[in-house]
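# All I have is the shape, not the residue letters:
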């Protein structure tokens, strides 16, 4: 049975480089989509926190102080275990 013409090593190298380049482009696109999704998630979380602060009749600075105090107490409690 007759075979087709074999590819030269240069042709094989070129094809592999094209595959790798295509994968790198796809990977970059996927990373950009991931960053967009992470930004959307972060914004939603910040909006949720802001809404909670507003519903609690606090401003951001008061909420920050409450959270700092909570974190300090929580750290003390975990250190004493």
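Everything's here; your move. Computed from a predicted structure; not experimentally measured.
# C-alpha from now on. contacts and neighbour counts both.
Noted.
# Need the contact partners of the helix or strand where residue 69 lies.
Assigned by DSSP states H and E, residue 69 belongs to helix 60-79. Counting by CA atoms under 8 Å, 6 or more residues apart in numbering, helix 60-79 makes contact with 50, 53, all of which sit outside it.
# now do 6 Å
For helix 60-79, there are no external contacting residues (CA atoms under 6 Å, 6 or more residues apart in numbering).
# got the buried residues for that helix?
The neighbour-count check on helix 60-79 (16 or more other CA atoms under 10 Å) flags residue 63 as buried.
# From the chain's centroid, how far away is it?
Helix 60-79 sits 27 Å away from the centroid of its parent chain (CA atoms, centre = their mean, to the nearest Å).
# For it, give the mean pLDDT please.
Confidence for helix 60-79, expressed as mean pLDDT, is 91.
# With stretch 15-29 instead?
98.
# And the contacts of that stretch?
By CA under 6 Å, 6+ apart, stretch 15-29 touches no other residue.
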